[in-house]
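Engineer: just a sequence and a predicted model for now, questions to come.
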Amino acid sequence: MDKFFELRTIVIDLLKVILDEQGLENALPFSAVTVERPKSAGHGELSTNAAIVAAKSLGQNPAWLAGELAARLRLDSRLQEVAVAGPGFINLRLRPEVWMSIARTAVGAGPEFGRSNIGAGRRIHLEFVSANPTGPLHVGHVRGAVYGDSLGRLLEFTGHDVVREYYVNDGGAQVDALARSAYLRYLEANGSAVEFGDGEYVGEYLISVGIGLKERFGDELIGKNEAEWLEPVRTYAISAMMDLIRKDLDLLGIEMDIFFSERSLQETGRIEEALAELDRRGLIYEGVLDPPKGSLPDDWEPRRQTLLRATAHGDDVDRPVRKSDGSWTYFASDIAYHYDKIKRGYDELVNIFGADHGGYTKRLKAVVSALSDGGMPFDIKLTQLVRVITNEGASRMSKRAGQFVSLREAVEAVGPDVTRFVMLMRKNDAQLEFNFEEVRRQSKENPVFYVQYAHARICSVLERARSAGFRVDDSDLLDCNWSLLAHPDLVALARRVAEWPRTVDQASRHHEPHRIAFYLNELASDFHSLWSKGNSDAELKLLDETQPDASTARIGLARSAGIVISSGLGILGVTPISEMRN
C-alpha cells in the first residue's frame with residue numbers, strides 16, 4: 001500500500017480533468033510529477049509539484065493551476081489540510097486515521113507488507129565480488145559482497161528472479177603469479193629456503209597451500225622446469241583460494257548460485273564465437289588507434305590492431321581485442337563473458353565493481369549494447385573504497401605484500417550483522433569508513449545496535465503485555481480500536497511505517513539497498529523517541545494497565561514498526577534479534 005503512489009495518481013487524474021475543462025493540451029510530462037515528503041515538517045506531510053510541472057509545460061500561471069488543483073483536493077475526505085505554497089507547490093496533510101489504517105494493514109500482512117511484484121519474475125543476472133582468486137577476501141571486498149547480496153535480497157523482495165554469480169579470474173597473469181608464489185611455499189614446506197621476487201604473493205595464507213602441495217605431490221615437483229609444474233600448481237592453488245573465498249562469503253551469509261571460470265571461455269572457443277558475432281555486425285576491424293592524450297609512453301608506437309568499434313555504442317574510443325602477437329586481450333574475455341550472459345536469456349544484467357574498475361564501465365556497456373542491439377538493460381554499480389580504522393590507525397591493503405585486514409578478521413572482530421549493516425550505511429559510490437572501535441559500541445551512535453534495539457524493545461513490550469494478560473496476537477491487534485491513536489507522535493510513527501512500501505520500491509528500481517538502511521535508522525529513531533516520551537506522557541506509554549484499549553492500540557502500532565524492521569533487516573542480511581545481549 002504505497003500512499004505516495006496512490007496520491008500521485010489522484011493528483012494526476014484531477015490535473016487531467018482541469019486541463020480538459022479548460023480545453024488545454026494534456027499531453028504533459030506526467031512522469032515529472034511527484035508526491036514526496038517535504039524536507040521541512042512545517043510544509044505538511046506530503047508535497048506535490050504537479051501544478052509547477054503542468055504550468056511550465058503549458059505556459060500557464062502555476063499559482064492559478066495550483067489553486068484549482070488544491071480546491072479539488074480539498075474535497076477528498078482523506079485529506080485534513082491542503083495548502084498552496086511558494087511558486088505553486090501544494091502541501092498535504094492526511095487525517096490520522098489514514099496513516100493508522102496503513103499501520104494496521106502492516107500488522108495484517110506481516111512479513112508480506114511492502115513486498116511487491118514490480119519485478120514480475122524478471123530474471124536478473126547479478127555479478128558481484130569476482131575478486132581475483134589470489135588470496136582470501138579482504139575488508140575492501142566486503143563492501144561489494146554485502147552490497148551485491150543485499151541488492152539480490154531486495155530484488156527478490158520485489159518479485160525478481162535473481163541469479164548471483166562470481167566471475168573467477170583464473171585465466172590471467174595474476175594466477176600465474178599465484179602459482180609461482182605457491183610453488184615457493186611448496187619448496188619451503190619441503191625444507192628449502194626461498195626468496196620472493198617482485199610481483200609475487202608473500203602472504204602467510206599461502207603457507208597452507210604449500211603444505212597441501214607437499215601432501216599432494218611429495219617432492220615430485222622439486223627441480224622441475226616451470227613448464228612442468230606451473231599448470232598443476234596453478235590448478236591446485238586456484239582451487240584452494242576459491243575454497244577459502246567460499247568460506248569467507250559464508251561468514252557473511254552469502255551464497256553464490258554460479259562460479260563462472262574465465263579459463264572456460266578460453267578453452268571452449270567462446271571468445272572466438274563472441275568476436276565472430278560482433279564481426280557479423282560490422283563492429284570488428286583492423287586499424288590504428290589515436291595516440292593516448294597527454295604525454296606519450298616511451299614504448300608507444302602506432303600499429304595495426306584488431307579493434308572493436310566501441311564508439312558506435314557510446315564508448316569514448318574503439319578498443320583492442322587482439323594483441324599484436326595474436327593473443328586475445330583481457331577485454332576479449334570480458335566480451336565473451338557478457339555474450340555468454342546475454343545468450344543465457346536474462347532480462348537484465350547488473351555488475352558490481354570496485355571503484356578501480358570505473359574505467360571499464362563505458363566499454364562494457366558498449367559491448368552489451370552491441371551484442372543485444374541495445375535491448376539488454378545493463379547497470380554497472382561501483383563501490384568506493386573502505387577506509388579501515390583500527391587502534392593502529394588507518395590500514396592499507398595489499399594482497400601481494402600480505403598486508404591487509406581480511407574479511408574473516410573483520411567479521412570475527414565485530415560480527416556479521418555489524419559488518420553488513422555498516423557497509424550499507426553509505427551510498428555505494430561514497431567512500432566509507434570502517435572504525436572497529438566505534439562499531440563495537442552498543443550505543444545510539446552505532447546504527448545496527450540502534451535498529452536492533454528498537455526491534456528488541458518492541459518484542460519485549462509484546463511479551464510484557466502478554467504476561468499482564470493483554471491479548472496481543474496479530475489477530476487481536478487487528479481488532480483493537482486504532483481510532484484511539486491521534487497523538488502527533490503516534491501519527492508520526494504510523495507515517496514512517498507507511499513509507500516502507502515506497503522505500504522498497506525506490507530502492508529496488510534504483511538498485512540502492514542503502515536506502516533500506518537509512519530508512520530503518522529513521523524508523524528506529526522515531527520509535528525510540530516515542531518510547532522515551534512514554535516515560536513521562538501517559539498518552540504515549542505503550543503499556544499502561546489502566547488504559548487497556550489505548551495500550552492495545554499503541555502496541556499494535558509498535559508491532560507494525562517491528563514487522564517493518566524485521567523485513568528491512570532481512571533485506572540487509574542482518575538478524576532481527578528479540579533481546580539485546582552484552
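Structural biologist: Cool, got the structure.

Engineer: residue contacts, the closest residue to P302 other than its chain neighbours?
Structural biologist: Of all residues beyond its chain neighbours, the one nearest P302 is V288 (5.0 Å), with distances taken as CB to CB, 6 or more residues apart in numbering. Using the backbone N, CA and C atoms, a C-beta is placed for each residue, glycine as well. Under the criterion of CB atoms under 8 Å, 6 or more residues apart in numbering, the neighbours of V288 are 302-305.

Engineer: so which residues of the stretch 301-450 of the chain form strands?
Structural biologist: Assigned by DSSP state E, counting those that start in this stretch, the strands in the stretch 301-450 of the chain fall at 305-308, 319-322, 348-354, 378-383, 386-390, 393-395, 432-435.

Engineer: would a markdown table of those strands with mean pLDDT be doable?
Structural biologist: Converted to a markdown table, those look like this (pLDDT from 0 to 100):
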| stretch | mean pLDDT |
| --- | --- |
| strand 305-308 | 94 |
| strand 319-322 | 94 |
| strand 348-354 | 97 |
| strand 378-383 | 98 |
| strand 386-390 | 81 |
| strand 393-395 | 51 |
| strand 432-435 | 85 |
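
Engineer: which one, of those, ends up nearest to I207?
Structural biologist: Shortest separation from I207 across these is recorded for strand 393-395, at 21.7 Å, computed as CB to CB.

Engineer: so which of the strands of the stretch 301-450 of the chain is nearest A179?
Structural biologist: Counting by CB to CB, A179 lies closest to strand 348-354 out of the strands of the stretch 301-450 of the chain; the figure is 23.9 Å.

Engineer: got the angle between the closest one and strand 386-390?
Structural biologist: Using axes from the mean of the first three to the mean of the last three CA atoms, to 10 degrees, the direction of strand 348-354 lies 40 degrees away from that of strand 386-390.

Engineer: ok, E45 touching V98?
Structural biologist: No: under the criterion of CB atoms under 8 Å, E45 lies out of contact with V98, with a separation of 9.8 Å.

Engineer: tell me, what's touching these two both at once?
Structural biologist: When contacts are counted by CB under 8 Å, 6+ apart, E45 and V98 are jointly contacted by no residue.

Engineer: what's the domain layout of the protein?
Structural biologist: As recorded under automatic domain parsing, the domains making up the chain are 3-94, 173-251, 268-383, 387-440, 443-572.

Engineer: quick one: closest of these to G110.
Structural biologist: From the domains of the chain, taking CB to CB, the stretch that ends up closest is domain 443-572, at 6.0 Å.

Engineer: work out the gap between that closest one and the centre of the chain.
Structural biologist: 25 Å (CA atoms, centre = their mean, to the nearest Å).

Engineer: residues near the residue nearest to R309 when sequence neighbours are not counted, how many?
Structural biologist: Spatial nearest neighbour of R309, chain neighbours left out: L283 (4.5 Å); criterion: CB to CB, 6+ apart. L283 has 22 neighbours, counted by other CB atoms under 10 Å.

Engineer: related to what we said a few turns ago, among the strands of the stretch 301-450 of the chain, which comes closest to Y519?
Structural biologist: For those, proximity to Y519 was assessed by CB to CB; strand 432-435 is nearest, at 18.3 Å.

Engineer: direction included, what does that closest one pair against?
Structural biologist: Within its sheet, strand 432-435 is paired with strand 386-390 (parallel), according to DSSP bridges.

Engineer: contacting residues around the helix or strand hosting A494?
Structural biologist: Secondary-structure assignment from DSSP states H and E places A494 in helix 488-498. Judged by CB under 8 Å, 6+ apart, the contacts made with helix 488-498 from elsewhere in the structure are 1, 3, 45, 96, 99-100, 102-103, 106, 485, 522-523, 526-527, 529-530, 533, 540, 554, 557, 560-561, 564.

Engineer: thought A336 was touching I271?
Structural biologist: Yes: taking contact to mean CB under 8 Å, the distance of 4.3 Å between A336 and I271 places them in contact.

Engineer: the more surrounded of the two?
Structural biologist: Shown here are A336 and I271; by other CB under 10 Å, A336 has more neighbours (26 against 22).

Engineer: buried residues of stretch 171-181, list them for me.
Structural biologist: If you call a residue buried by 16 or more other CB atoms under 10 Å, then stretch 171-181 has these buried ones: 171, 174-181.

Engineer: so what sits against both of A336 and I271?
Structural biologist: Overlap of the contact sets of A336 and I271 (by CB under 8 Å, 6+ apart) consists of L265.

Engineer: filter the contacts of V288 down to the buried ones.
Structural biologist: When neighbours are counted using 16+ other CB under 10 Å, the contacts of V288 contain these buried positions: Q305.

Engineer: could the contacts of V288 go into JSON lines alongside distance to A498?
Structural biologist: Shown next, in JSON lines, are the contacts of V288 (distance: CB to CB, whole Å):
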{"residue": "P302", "distance to A498": "63"}
{"residue": "R303", "distance to A498": "63"}
{"residue": "R304", "distance to A498": "63"}
{"residue": "Q305", "distance to A498": "58"}
